[in-house]
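S.K.: sequence first, then the predicted structure:
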Amino acid sequence: MEASREFVYQKFTDYYCDPSTVIPEPNLPSQREFAYLMFKERFMVRHRMFDSIKRFRAVLNEMVPSDVYHSCAYYKNPDFDMDKKGWIGADLVFDIDADHIPTSCNKIHDEFRCVKCGFSGRGLTPETCPVCEAKKFETRTWACELCIDSARTEAAKLIDMLENDFGFSLEKLHVFFSGHRGYHIHVEDEVVRSLDAMARKEIVDYVTGLGLAVLDKEVPAGKKHGKRSSTRKFSLHNFGWNRRLKLGMEKFLLTATKDDLRSVGLRNASLLQNKDMIIKRAINEGRWESINGVSAQTWFKLAKCAQEAEASKIDTVVTTDIHRLIRMNGTLHGKTGLKKIEFPAKDLQTFDPFVGAVAIKKGEVKVLVSDVPEFKLGGKTLGPYKNQVVELSSAAAVMLICKGRAKVAD
Ligand SMILES: [Zn+2]
Ligand SMILES: [Zn+2]
């Protein structure tokens with residue numbers, strides 16, 4: 001193995017073999033499938049079963065994987081083939097990853113390269129190569145503070161829904177930094193365990209605001225012939241998404257510019273001139289028809305834009321997959337060397353992943369850095385670096401090597 005990978009492997013080994021390293025035991029470990037990606041061989045070992053974290057730690061010490069997972073599902077026989085495992089239930093899990101969120105950094109720090117033809121570029125990886133239409137890309141990503149900030153915003157919206165609309169107490173929500181550029185939220189409550197994929201899809205639709213009846217533009221059946229949706233009455237009550245739409249409409253009006261209005265198809269400048277009166281009378285008091293010159297159609301447009309702003313941009317596939325493997329709490333992320341770590345839901349805004357998730361504590365090393373923007377790690381601001389040799393903490397060196405942006409200097 002080349003020297004840089006060997007260095008990372010050594011640091012991962014130190015982490016897993018250190019007796020002071022805490023890897024919390026997942027709930028009901030003997031009913032879960034364990035899996036890990038081999039560091040050197042790059043293959044996934046799956047369908048393993050352990051009745052305690054202690055036994056699994058022995059394997060981690062010996063194998064030192066690059067990534068470690070367990071199933072969200074509970075099985076009668078976690079070590080059997082998929083179709084014979086005997087599904088009992090699953091935690092309800094949400095994955096919020098900057099990969100799925102439009103960010104103000106526009107991911108300009110990410111690079112992609114088509115595996116087939118070599119076409120490359122910066123920003124979000126396209127789904128298909130514009131040159132050869134292949135779908136496989138090599139990527140080089142970065143987790144900047146704007147990426148994390150936008151993931152945090154989406155996580156906050158989700159947590160608010162789980163608490164206020166679904167009724168889970170904050171203490172029952174397990175909130176984690178994922179180790180890369182996002183958050184995981186697990187609900188392990190017994191009431192969710194037996195939900196099938198369809199039921200989970202309903203929850204996903206709620207969280208993403210898909211198919212909100214209140215925004216339905218169709219004229220309900222039974223309406224007199226040809227009545228246009230613009231004559232439909234607009235109203236919102238005070239619960240669930242209705243409340244969220246009102247909050248979103250208020251937020252939008254408070255900060256919108258004329259250009260913002262135009263971008264959602266509204267040209268009525270009096271919306272901004274009279275916004276305080278509009279917010280008070282219409283949004284707060286529900287007198288939607290009392291504002292001269294503001295039609296139901298305008299309210300529908302504003303509500304639609306509030307729906308987009310208030311929806312939480314979760315990775316929908318993760319939540320509906322009842323057999324999903326999810327990164328294990330306390331283990332290292334192979335793309336960063338940071339650990340997945342749990343923190344109280346109430347601390348979402350104050351928990352700094354670039355401090356709290358640093359797992360590799362000791363040592364410095366000289367590395368040749370190719371290209372890195374300014375970044376923060378372990379409370380220090382580092383970089384930017386371009387084609388230079390610098391001495392970094394082991395944690396920073398591991399992150400840059402894992403991200404393909406540095407090598408151990410000879
Ligand atoms: Zn291509
Ligand atoms: Zn970013």
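M.R.: That came through fine. Numbers count the residues shown, from 1 in each chain. Ligands and ions are numbered 1, 2, ... in the order given.
S.K.: so when I look at residue 206, I'm seeing a helix, right?
M.R.: Yes. Assigned with DSSP: H, G, I helix; E, B strand; the rest coil, residue 206 falls within a helix.
S.K.: what distance do you get for it to residue 78?
M.R.: Distance check for residue 206 against residue 78: by C-beta to C-beta, to the nearest Å, it reads 30 Å. For glycine as for every other residue, the C-beta is placed from the backbone atoms N, C-alpha and C.
S.K.: more neighbours: these two, which one.
M.R.: Taking other C-beta atoms under 10 Å, residue 206 and residue 78 do not tie; residue 78 has more neighbours (22 against 18).
S.K.: which element is residue 308 on?
M.R.: Assessed by DSSP states H and E, residue 308 sits inside helix 296-310.
S.K.: now for the residue nearest to residue 309 when sequence neighbours are not counted: which residues touch it?
M.R.: The shortest distance from residue 309 to any non-neighbouring residue, by C-beta to C-beta, 6 or more residues apart in numbering, is to residue 248 (5.0 Å). Shown in contact with residue 248 (C-beta atoms under 8 Å, 6 or more residues apart in numbering): 303, 305, 306, 307, 309, 310.
S.K.: number of residues surrounding the fourth one?
M.R.: Read it as residue 307. Here the count is done by other C-beta under 10 Å, and residue 307 has 20 residues near it.
S.K.: do you know how far it is from residue 95?
M.R.: 21 Å.
S.K.: do the same with the fifth one
M.R.: Taking C-beta to C-beta as the criterion, residue 309 is separated from residue 95 by 21 Å.
S.K.: shouldn't residue 117 be in contact with residue 130?
M.R.: No. In this structure, residue 117 is not within contact of residue 130 by C-beta atoms under 8 Å, at 10.0 Å.
S.K.: looking at these two, which one has more neighbours?
M.R.: Taking neighbours as other C-beta under 10 Å, residue 117 and residue 130 compare with residue 117 leading, 13 against 10.
S.K.: quick check: closest non-adjacent residue to the more buried one.
M.R.: Spatially, and ignoring its direct neighbours in sequence, residue 117 is nearest to residue 132 (4.1 Å; C-beta to C-beta, 6+ apart).
S.K.: for that neighbour, give me its contacts.
M.R.: Neighbouring residues of residue 132 by C-beta under 8 Å, 6+ apart: 114, 116, 117, 119.
S.K.: inside helices: which ones of these?
M.R.: Among the contacts of residue 132, none falls in helices (DSSP state H).
S.K.: what is the most widely separated pair among the residues you listed?
M.R.: 116 and 119 (8.5 Å; C-beta to C-beta).
S.K.: in the stretch 301-410 of the chain, what residue is nearest ligand 1?
M.R.: residue 404 (19.6 Å; C-beta to the ion).
S.K.: got the contact list for that residue?
M.R.: Counting by C-beta under 8 Å, 6+ apart, residue 404 touches residue 140.
S.K.: ok, it to ligand 2 distance?
M.R.: Residue 404 sits at a distance of 16 Å from ligand 2 (criterion: C-beta to the ion, to the nearest Å).
S.K.: that older thread, and the gap between the residue nearest to residue 309 and residue 405?
M.R.: 39 Å.
S.K.: cool, and residue 238?
M.R.: From residue 238 across to residue 405, the span is 50 Å (C-beta to C-beta).
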